[in-house]
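Trainee: can you look at this prediction? I've put the sequence above it.
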Amino acid sequence: MLRVSSNPVVDTVVKLASTAVVMFAFVFVVMVPLYDVLCDALGINGKTNGEAYTAVQAGVDESRTVTIQFVATNNEGMPWDFGPSVTMMKVHPGASNDTVFHARNPLPQAMVAQAIPSVSPARAAAYFHKTECFCFNQQPLDGDTSAEMPLQFIIDRELPGDIHTITLSYTIFDVTDMAKGAIAAR
Amino acid sequence: MGAHHHGPAKGLSRWLFTTNHKDIGTMYLWFSFSMFILGGAFAMIIRAELFQPGMQLINPAFFNQMTTLHGLIMVFGAIMPSFVGLANWMIPMMIGAPDMALPRMNNWSFWILPPAFLILASTLFMEGGAPNFGWTFYAPLSTTYAPPSVTYFIFSIHVLGLSSIMGSINIIATVMNMRAPGMTYMKMPLFVWTWLITAFLLVAVMPVLAGAVTMMLMDIHFGTSFFSAAGGGDPVLFQHIFWFFGHPEVYIIILPAFGVVSQIIPAFARKPLFGYDSMVYATAAIAFLSFVVWAHHMYTVGMPVAGELFFMYATMLIAVPTGVKVFNWVTTMWRGSMTFETPMLFCIGFLVLFTIGGFTGLMLSIAPADFQYHDSYFVVAHFHYVMVAGAVFAMSAAVYYWLPKWCGRMYNEAMGKTHFWISFVGFNIAFFPQHFVGLAGMPRRIPDYALQFADFNMISSIGAFIYGASQILFLYNVVATIVAGKPTSDAKTWEGAEGLEWTVATPAPYHTFETPPQVR
């Protein structure tokens, strides 16, 4: 076994202290990224990919129809009016679909929001591809103004056959404090 | 004391600057007992409020601070340091070493503890009150919704974590390097073995706890979003990190208790421990498995079924090595010439009640059933059966068992037995009914409850007061022994006791084994 010191006590201490340091680093550099990777890979928490999907030309599966439901929730203390323009769509796997969500900031001051998606059932998350989504970025809105926020998505043709309905839920968070730097730059 | 060489220094500086393992062990034991009384006082406040439904004595905000501090202080302030104190006192004497391998660091690892708990306790007087998010401090309760005092809480966790890591490194360095000639690993007393494995667990997971609170600190003050969904983080991640620390932590608490019981039962059964090798392997197996079962604390967060099944089966697997241990203790007693002095009574109490706690643990490990038990009083009953009737009973047994060796005076046996019986009866009155109210749906950590739980809660509170009062008797007995107990100079206090610690004079001299003994 590797010896770091000829004094056996020092040797033990150095090895153990290094283990402790490695375990501390392990939390940051292994556990956190690993959790995100696992959630993405397994669709845990219904997380969808945070980046735009590059559509592949695979053709539309006209034989199948999947119902997509949209749900919007305001996180505690978030005053915006926020919701889907349509609550339900019937789509074919492989086809590109567009919809918009409405948002209105009723307060006099400018705010920044972040929408966090979740797909149910969770195992559908990996087959729900967004080519464009307002959730990819923080959404600034001046006081007392409204905006239409676009969403463009494709349901993967490989979606398991027993899934007929997918619910896409957005929770909108007030991230004005977090984004203060960004507003100042604007 | 200290007939040759030098004895202890005089006055306060003896305790402040000491590098003697016995002095440091003593300080750990007294410190942990004072924390036990403080945490116990918080428990009394909790049980007084729950004596009747409705809000009687305190407000819900303060109640939450009490449940949080009770848990934190009992786990990190009472149980863990008490076993570290025992390790300091006993491990060098059990392996024939003159002292711990790193005496100066030993002094440090003790003396940073009291300030850490002073900081934690002082949060009670801060604006916004003490931490109120439960001892498990789940985000976002402990981040977004935490009182300002959370920063002090984080600092105190960092410091006590550092203390634990330093203490563990010291124990491992001592056991690995300072054993007397002939003391091979498989000849070490089981208390030394369980502590060696515990110390490895501590070195592995205390940094994980430090990482978790560091992430909290960064989320609160430096704008990161480890646990905030708005910034792309996830509060569930906190639970995974916390329990990756938290489950090994429960074995950190119980393994030294296993070691104590494995020393005491053979002494009073007058038979060698049955299945020594299997005890060592079972301890190692439990420690290994503790790293792969953490998510059984969080079955209800919405894991994939495969995850639930994995964690369920892995958890149930732990019942096998634990069963091996219980079997070995019972078999050690089988056809032994048993006597029932106070340490033995506490060990038998431990054996019966810990096994009950183990069985409720097995019930909780069943993922589909856990959805009913989760966050109910059933969980509270379960972990008090393993923490109090497990760790605290074993600690009481250890104090009675080794106290004559430590101070050269015999405790009052009648008072010791009275302490045991009041503890045993009080404990069961307090916690057995909690199984039923839990199964009937009473959630944990609430200051008020539905009327149908009233009778059982009153019984539970009465039991808790009885158990609490019995600790005063314990304190009195120990102090009376030290001050005016019947002097004894028998090297072997107990007829059936085995081990190097019983070969030195009584009371144990300030310095022991300056010449290493030969172990055959």
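Mentor: Great, that's in hand.
Trainee: got the phi/psi numbers for residue B:128?
Mentor: Backbone torsions for residue B:128, taken as degrees, to the nearest 10, come to phi 90, psi -10.
Trainee: tell me which parts of the stretch 251-400 of chain B are close to chain A?
Mentor: B:302, B:303, B:304 (CB under 8 Å from any CB of the partner chain). C-beta: built from backbone N, CA, C; applies to glycine.
Trainee: ok but the second one is inside a strand, no?
Mentor: It stands for residue B:303. No - secondary structure of residue B:303 (DSSP: H, G, I helix; E, B strand; the rest coil): coil, not part of a strand.
Trainee: give me the number of residues near it?
Mentor: Residue B:303 has 20 neighbouring residues, counting by other CB atoms under 10 Å in any protein chain shown.
Trainee: what segments of chain A are helices?
Mentor: A:8-26, A:32-42, A:180-185 (DSSP state H).
Trainee: redo the ones you listed as TSV? Include mean pLDDT.
Mentor: TSV is the format used below for the helices of chain A (pLDDT from 0 to 100):
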stretch	mean pLDDT
helix A:8-26	94
helix A:32-42	82
helix A:180-185	49
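Trainee: quick check: residues of chain B near chain A?
Mentor: So far as CB under 8 Å from any CB goes, chain B lies against chain A at B:101-102, B:165, B:168-169, B:172-173, B:176-177, B:203-208, B:210-212, B:215, B:223, B:225-226, B:229-232, B:234, B:236-237, B:240-241, B:244, B:302-304.
Trainee: which among the residues you listed end up buried?
Mentor: Taking 16 or more other CB atoms under 10 Å in any protein chain shown as the criterion, what is buried in the residues of chain B next to chain A is B:101-102, B:165, B:168-169, B:172-173, B:176-177, B:203-208, B:210-212, B:215, B:225-226, B:229-231, B:234, B:236-237, B:240-241, B:244, B:303.
Trainee: distance of residue B:361 from chain A?
Mentor: Using CB to the nearest CB, to the nearest Å, residue B:361 is found at 25 Å from chain A.
Trainee: show me what contacts the residue nearest to that residue when sequence neighbours are not counted?
Mentor: Counting by CB to CB, 6 or more residues apart in numbering or on different chains, residue B:361 lies nearest to residue B:382, which is 5.9 Å off, once chain neighbours are set aside. Contacts for residue B:382 were tallied using CB atoms under 8 Å, 6 or more residues apart in numbering or on different chains; they are B:357, B:360, B:361, B:363, B:364, B:435.
Trainee: could you export the residues you listed as CSV, including distance to residue B:332?
Mentor: CSV is the format used below for the contacts of residue B:382 (distance: CB to CB, whole Å):
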residue, distance to residue B:332
B:357, 20
B:360, 25
B:361, 23
B:363, 27
B:364, 28
B:435, 29
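Trainee: farthest pair in those?
Mentor: B:361 and B:435 (12.3 Å; CB to CB).
Trainee: if I look at residue B:392, how far off is residue B:256?
Mentor: 12 Å (CB to CB, to the nearest Å).
Trainee: who has more neighbours out of those two?
Mentor: Remark: of residue B:392 and residue B:256, residue B:256 carries more neighbours, 27 against 24, as counted by other CB under 10 Å.
Trainee: and the strands in the chain?
Mentor: No chain was given, so I picked chain A. For chain A, the strands defined by DSSP state E occupy A:66-74, A:81-84, A:88-91, A:96-105, A:111-120, A:128-133, A:139-141, A:145-155, A:165-174.
Trainee: I was after chain B.
Mentor: B:409-410, B:486-487.
Trainee: of the residues of the stretch 251-400 of chain B next to chain A, closest to residue A:7?
Mentor: residue B:303 (47.2 Å).
Trainee: and the nearest residue to the closest one once chain neighbours are set aside, how far is that from residue B:402?
Mentor: Nearest non-adjacent residue to residue B:303, counting by CB to CB, 6+ apart: residue B:295, 6.4 Å away. Distance of residue B:295 to residue B:402, given as CB to CB: 39 Å.
Trainee: next up, the contacts around the residue lying closest to residue B:176 once chain neighbours are set aside.
Mentor: Leaving aside its chain neighbours, residue B:176 sits nearest to residue A:12 (5.5 Å; criterion: CB to CB, 6+ apart). With contact set as CB under 8 Å, 6+ apart, residue A:12 has these partners: B:101, B:169, B:172, B:173, B:176, B:177.
Trainee: and these as TSV, adding distance to residue B:446 and pLDDT?
Mentor: Formatted as TSV, these follow (distance: CB to CB, whole Å; pLDDT from 0 to 100):
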residue	distance to residue B:446	pLDDT
B:101	47	95
B:169	41	97
B:172	42	97
B:173	45	97
B:176	47	96
B:177	50	95
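Trainee: what residue lies at the spatial centre of chain B?
Mentor: Centroid check for chain B by CA atoms, centre = their mean gives residue B:79 as the closest residue, at 3.1 Å.
Trainee: wait, that one sits on residue B:392?
Mentor: Yes - under the criterion of CB atoms under 8 Å, residue B:79 is in contact with residue B:392, at a separation of 6.9 Å.
Trainee: among the residues of chain B next to chain A, which lie within helices?
Mentor: B:165, B:168-169, B:172-173, B:176-177, B:203-208, B:210-212, B:215, B:236-237, B:240-241, B:244.
Trainee: for stretch B:179-192, C-alpha coordinates in CSV please.
Mentor: Provided in CSV are the C-alpha atoms of stretch B:179-192 (Å, rounded to 0.1, in the frame of the first residue of the first chain):
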residue,chain,number,x,y,z
ARG,B,179,-2.0,-1.7,19.6
ALA,B,180,0.1,-3.7,22.1
PRO,B,181,2.4,-6.4,20.8
GLY,B,182,0.2,-9.5,20.1
MET,B,183,-3.0,-7.5,19.9
THR,B,184,-4.0,-8.5,16.4
TYR,B,185,-7.0,-7.1,14.8
MET,B,186,-9.1,-10.2,15.5
LYS,B,187,-8.1,-10.1,19.1
MET,B,188,-9.3,-6.5,19.7
PRO,B,189,-12.3,-6.1,22.0
LEU,B,190,-15.5,-5.6,20.1
PHE,B,191,-15.9,-2.0,21.4
VAL,B,192,-12.6,-1.2,19.6
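Trainee: in PyMOL, how would I select the buried members of the contacts of residue B:382?
Mentor: Remark: buried members of these, expressed as a PyMOL selection using 16+ other CB under 10 Å:
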select buried, chain B and resi 357+360+361+364+435
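Trainee: so can I have JSON lines of the contacts of residue B:382 showing pLDDT?
Mentor: Below are the contacts of residue B:382 laid out as JSON lines (pLDDT from 0 to 100):
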{"residue": "B:357", "pLDDT": "97"}
{"residue": "B:360", "pLDDT": "97"}
{"residue": "B:361", "pLDDT": "96"}
{"residue": "B:363", "pLDDT": "96"}
{"residue": "B:364", "pLDDT": "97"}
{"residue": "B:435", "pLDDT": "97"}
